[in-house]
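K.L.:
kindly generate the corresponding structure for this input.
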Amino acid sequence: MNRVYEALAHPTRRRILALLRQRDRSAGEIADHFDISKPTLSGHLRLLREAGLVYGERRGTSIIYHLHVSLLEESLGALLDLFKIGDARPPDPVQPSSPPRHDHE
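P.N.:
Here you go, the predicted model:
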């Protein structure tokens with residue numbers, strides 16, 4: 001699970017995941033969205049693959065990348081559970097208190 005969180009820590013990798021959430025893309029299509037070198041992009045894709053967040057499928061001379069949605073959902077769910085986000089019940093509504101009574105009135 002730590003590899004997943006490490007992969008999610010970098011904004012470029014999060015942006016790659018957002019692109020793949022829209023649709024599957026080749027490495028070249030992903031590269032079109034970034035102003036970084038191909039070796040740098042390849043390193044980001046490698047880390048995402050090693051974390052299990054994406055997987056590549058060879059089609060001819062291209063590799064098409066797919067988002068591994070179930071692992072991403074599981075990882076985010078575990079993170080939310082760790083911090084008790086979305087799991088806690090809202091507190092009971094506070095009943096308005098009555099104005100204080102004065103016996104002499």
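
K.L.:
and residue 83, what pLDDT?
P.N.:
For residue 83, the model assigns a pLDDT of 74.

K.L.:
repeat that for residue 91.
P.N.:
In this model, residue 91 is scored at 50, pLDDT.

K.L.:
what segments of the protein are strands?
P.N.:
25-26, 54-59, 62-67 (DSSP state E).

K.L.:
redo those strands as TSV? Include mean pLDDT, mean neighbour count and distance to residue 34.
P.N.:
From N, CA and C alone the C-beta is placed, and that goes for glycine too. Listed next are the strands of the chain as TSV, based on pLDDT from 0 to 100; neighbours: other Cβ atoms under 10 Å; distance: least, Cβ to Cβ, whole Å:
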stretch	mean pLDDT	mean neighbour count	distance to residue 34
strand 25-26	96	18	12
strand 54-59	94	14	15
strand 62-67	94	17	14
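
K.L.:
where does pLDDT dip in the protein?
P.N.:
Across the chain, the ranges flagged by pLDDT under 70 are 71-72, 79, 85-105.

K.L.:
and residue 39, how far from residue 28?
P.N.:
Per Cβ to Cβ, to the nearest Å, residue 39 is found 14 Å from residue 28.

K.L.:
how about the strands of the chain in CSV, adding distance to residue 45?
P.N.:
Output for the strands of the chain, formatted as CSV (distance: least, Cβ to Cβ, whole Å):
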stretch, distance to residue 45
strand 25-26, 11
strand 54-59, 7
strand 62-67, 7
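
K.L.:
follow-up on the earlier one: between residue 39 and residue 28, tell me which one has more neighbours.
P.N.:
residue 28 (11 against 7; other Cβ atoms under 10 Å).

K.L.:
thank you, goodbye.
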